[in-house]
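K.L.:
got a structure for you, letters missing:
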(Lines give C-alpha, C1' and ligand atoms only; values in the text may rest on other atoms or scores of the structure.)
Protein backbone atom coordinates (compact mmCIF):
# COMPACT_ATOMS: atom_id res chain seq x y z
CA UNK A 1 0.00 0.00 0.00
CA UNK A 2 1.32 3.42 -0.92
CA UNK A 3 0.38 6.90 0.22
CA UNK A 4 0.74 10.04 -1.85
CA UNK A 5 0.08 13.77 -1.73
CA UNK A 6 -1.86 14.74 -4.88
CA UNK A 7 -4.51 17.43 -4.37
CA UNK A 8 -6.42 16.32 -7.49
CA UNK A 9 -8.13 12.95 -6.92
CA UNK A 10 -9.81 13.10 -10.35
CA UNK A 11 -6.42 13.66 -11.93
CA UNK A 12 -4.71 10.82 -10.10
CA UNK A 13 -5.07 8.32 -12.95
CA UNK A 14 -3.78 10.82 -15.52
CA UNK A 15 -0.81 11.73 -13.31
CA UNK A 16 0.05 8.06 -12.81
CA UNK A 17 -0.37 7.33 -16.51
CA UNK A 18 2.11 10.04 -17.46
CA UNK A 19 4.52 8.75 -14.84
CA UNK A 20 4.43 5.02 -15.69
CA UNK A 21 3.87 5.04 -19.48
CA UNK A 22 7.59 5.35 -20.40
CA UNK A 23 8.49 2.42 -18.14
CA UNK A 24 5.66 0.18 -19.37
CA UNK A 25 6.39 0.94 -23.02
CA UNK A 26 10.11 0.52 -22.38
CA UNK A 27 9.33 -3.04 -21.31
CA UNK A 28 7.75 -3.69 -24.73
CA UNK A 29 4.17 -3.47 -23.45
CA UNK A 30 1.17 -1.23 -24.12
CA UNK A 31 -0.42 0.79 -21.34
CA UNK A 32 -4.13 0.07 -21.86
CA UNK A 33 -5.56 2.10 -18.98
CA UNK A 34 -4.98 3.44 -15.50
CA UNK A 35 -7.89 3.46 -13.07
CA UNK A 36 -8.10 4.83 -9.57
CA UNK A 37 -11.17 3.24 -8.01
CA UNK A 38 -12.74 2.95 -4.60
CA UNK A 39 -14.11 -0.41 -3.52
CA UNK A 40 -15.63 -0.47 -0.07
CA UNK A 41 -13.27 1.37 2.25
CA UNK A 42 -10.21 0.80 0.03
CA UNK A 43 -8.73 2.59 -2.99
CA UNK A 44 -7.13 0.64 -5.84
CA UNK A 45 -4.73 1.96 -8.43
CA UNK A 46 -5.11 -0.39 -11.38
CA UNK A 47 -2.54 -0.27 -14.14
CA UNK A 48 -3.78 -2.33 -17.09
CA UNK A 49 -1.16 -3.51 -19.56
CA UNK A 50 -1.39 -5.35 -22.85
CA UNK A 51 0.72 -6.92 -25.57
CA UNK A 52 0.12 -9.01 -28.68
CA UNK A 53 0.78 -12.34 -26.97
CA UNK A 54 -0.88 -13.49 -23.75
CA UNK A 55 0.21 -11.85 -20.51
CA UNK A 56 1.40 -13.90 -17.57
CA UNK A 57 1.68 -13.13 -13.89
CA UNK A 58 5.47 -12.83 -14.13
CA UNK A 59 5.12 -9.94 -16.59
CA UNK A 60 2.54 -8.21 -14.38
CA UNK A 61 4.83 -8.66 -11.37
CA UNK A 62 7.81 -7.25 -13.29
CA UNK A 63 5.80 -4.14 -14.23
CA UNK A 64 4.59 -3.75 -10.66
CA UNK A 65 8.16 -3.92 -9.36
CA UNK A 66 9.33 -1.44 -12.00
CA UNK A 67 6.65 1.21 -11.38
CA UNK A 68 6.30 0.91 -7.60
CA UNK A 69 9.50 2.91 -6.88
CA UNK A 70 8.39 5.57 -9.38
CA UNK A 71 5.07 5.94 -7.59
CA UNK A 72 6.73 6.02 -4.18
CA UNK A 73 9.15 8.74 -5.29
CA UNK A 74 6.67 10.94 -7.17
CA UNK A 75 3.92 10.37 -4.57
CA UNK A 76 1.11 11.41 -6.98
CA UNK A 77 -1.88 10.24 -4.89
CA UNK A 78 -3.01 11.69 -1.57
CA UNK A 79 -4.71 8.73 0.06
CA UNK A 80 -3.52 5.19 0.70
CA UNK A 81 -4.17 2.69 -2.07
CA UNK A 82 -3.37 -0.80 -3.28
CA UNK A 83 -1.43 -1.13 -6.54
CA UNK A 84 -2.66 -3.77 -8.98
CA UNK A 85 -1.05 -4.48 -12.35
CA UNK A 86 -2.93 -6.74 -14.71
CA UNK A 87 -4.41 -7.41 -18.11
CA UNK A 88 -7.56 -5.64 -19.28
CA UNK A 89 -8.85 -9.12 -20.17
CA UNK A 90 -11.35 -10.25 -22.77
CA UNK A 91 -14.11 -8.00 -21.46
CA UNK A 92 -11.86 -4.95 -21.65
CA UNK A 93 -13.62 -1.62 -21.80
CA UNK A 94 -12.89 0.68 -24.68
CA UNK A 95 -12.38 4.15 -23.25
CA UNK A 96 -10.05 5.95 -25.67
CA UNK A 97 -9.95 6.55 -29.42
CA UNK A 98 -6.83 4.38 -29.72
CA UNK A 99 -8.75 1.45 -28.17
CA UNK A 100 -11.40 1.72 -30.87
CA UNK A 101 -8.77 1.96 -33.62
CA UNK A 102 -6.90 -1.10 -32.32
CA UNK A 103 -10.01 -3.29 -32.07
CA UNK A 104 -11.77 -2.59 -35.38
CA UNK A 105 -13.24 -5.84 -36.64
CA UNK A 106 -13.72 -7.33 -33.16
CA UNK A 107 -17.01 -8.25 -31.50
CA UNK A 108 -18.12 -5.56 -29.06
CA UNK A 109 -21.08 -4.82 -26.83
CA UNK A 110 -22.35 -1.44 -25.69
CA UNK A 111 -24.85 -0.43 -23.04
CA UNK A 112 -26.47 2.94 -23.65
CA UNK A 113 -27.39 5.24 -20.77
CA UNK A 114 -30.79 5.87 -22.40
CA UNK A 115 -32.55 3.84 -25.09
CA UNK A 116 -31.83 4.83 -28.69
CA UNK A 117 -34.55 5.85 -31.16
CA UNK A 118 -35.41 2.15 -31.62
CA UNK A 119 -35.80 1.62 -27.86
CA UNK A 120 -32.57 -0.39 -27.51
CA UNK A 121 -30.09 0.06 -24.70
CA UNK A 122 -27.94 -3.01 -25.34
CA UNK A 123 -26.15 -3.15 -28.68
CA UNK A 124 -23.71 -5.68 -30.05
CA UNK A 125 -21.84 -6.16 -33.27
CA UNK A 126 -18.56 -5.95 -35.08
CA UNK A 127 -16.72 -2.72 -34.30
CA UNK A 128 -16.37 -0.53 -37.38
CA UNK A 129 -14.65 2.24 -35.45
CA UNK A 130 -15.01 5.62 -33.80
CA UNK A 131 -15.34 8.77 -35.88
CA UNK A 132 -13.54 11.99 -34.97
CA UNK A 133 -16.77 13.35 -33.49
CA UNK A 134 -16.94 10.42 -31.05
CA UNK A 135 -19.59 8.41 -32.88
CA UNK A 136 -19.10 4.67 -32.46
CA UNK A 137 -20.32 2.32 -35.17
CA UNK A 138 -21.07 -1.37 -34.79
CA UNK A 139 -22.33 -3.63 -37.57
CA UNK A 140 -24.77 -6.39 -36.76
CA UNK A 141 -26.22 -8.56 -39.51
CA UNK A 142 -25.81 -5.86 -42.14
CA UNK A 143 -27.35 -3.16 -39.92
CA UNK A 144 -25.13 -0.27 -38.84
CA UNK A 145 -25.65 0.76 -35.24
CA UNK A 146 -24.19 4.19 -34.46
CA UNK A 147 -24.23 6.09 -31.20
CA UNK A 148 -22.22 8.82 -29.50
CA UNK A 149 -19.58 7.34 -27.20
CA UNK A 150 -20.77 9.72 -24.46
CA UNK A 151 -24.24 8.10 -24.66
CA UNK A 152 -22.85 4.71 -23.55
CA UNK A 153 -22.24 3.63 -19.99
CA UNK A 154 -19.72 1.22 -21.51
CA UNK A 155 -18.40 -0.26 -24.72
CA UNK A 156 -16.44 -3.45 -24.27
CA UNK A 157 -14.82 -6.26 -26.18
CA UNK A 158 -16.75 -9.50 -25.85
CA UNK A 159 -17.25 -12.98 -27.17
CA UNK A 160 -20.57 -14.50 -28.22
CA UNK A 161 -21.18 -16.11 -24.85
CA UNK A 162 -20.56 -13.09 -22.60
CA UNK A 163 -22.24 -10.13 -24.20
CA UNK A 164 -23.88 -8.13 -21.45
CA UNK A 165 -22.22 -9.34 -18.26
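P.N.:
Sure, I can see it. Not measured: the values here are computed from a predicted model.
K.L.:
can you list the low-confidence ranges for this protein?
P.N.:
1-10, 160-165 (pLDDT under 70).
K.L.:
what is the neighbour count of the nearest residue to residue 156 once chain neighbours are set aside?
P.N.:
Closest residue to residue 156 apart from its sequence neighbours, by C-beta to C-beta, 6 or more residues apart in numbering: residue 93 at 4.8 Å. C-beta here means a position set from N, CA and C on the backbone, and glycine is covered the same way. Neighbour count for residue 93, taken as other C-beta atoms under 10 Å: 17.
K.L.:
and for residue 71?
P.N.:
Counted with other C-beta under 10 Å, residues neighbouring residue 71 total 21.
K.L.:
same thing with residue 131?
P.N.:
Per other C-beta under 10 Å, the neighbour tally for residue 131 reads 14.
K.L.:
got it, and residue 95?
P.N.:
Residue 95, neighbours per other C-beta under 10 Å, totals 16.
K.L.:
for stretch 50-67, give me every contacting residue.
P.N.:
With contact meaning C-beta atoms under 8 Å, 6 or more residues apart in numbering, stretch 50-67 is reached by 19-20, 23-24, 27-32, 47, 49, 83, 85-88.
K.L.:
report the distance from it to the chain centre.
P.N.:
Centroid separation for stretch 50-67 versus its chain: 16 Å, with C-alpha atoms, centre = their mean, to the nearest Å.
K.L.:
so for it, what gets flagged as buried?
P.N.:
Within stretch 50-67, the residues that qualify as buried are 50, 55, 59, 60, 63, 64, 67, counting by 16 or more other C-beta atoms under 10 Å.
K.L.:
residue 129: which of the residues you listed is nearest?
P.N.:
residue 50 (18.8 Å; C-beta to C-beta).
K.L.:
quickly list what the closest one is bridged to.
P.N.:
With DSSP bridges as the criterion, the beta-bridge partners of residue 50 are residue 30.
K.L.:
now swap in residue 83 and tell me
P.N.:
Counting by DSSP bridges, the residues bridging with residue 83 are residue 45.
K.L.:
residues in contact with the residue nearest to residue 156?
P.N.:
33, 154, 155, 156 are the contacts of residue 93 under C-beta under 8 Å, 6+ apart.
K.L.:
give me the buried entries from those.
P.N.:
If you count burial by 16+ other C-beta under 10 Å, the buried members of the contacts of residue 93 come out as 33, 155, 156.
K.L.:
what is the nearest of these to residue 131?
P.N.:
Nearest to residue 131 among these, counting by C-beta to C-beta, is residue 155 at 13.7 Å.
K.L.:
that concludes my questions; thank you for your assistance.
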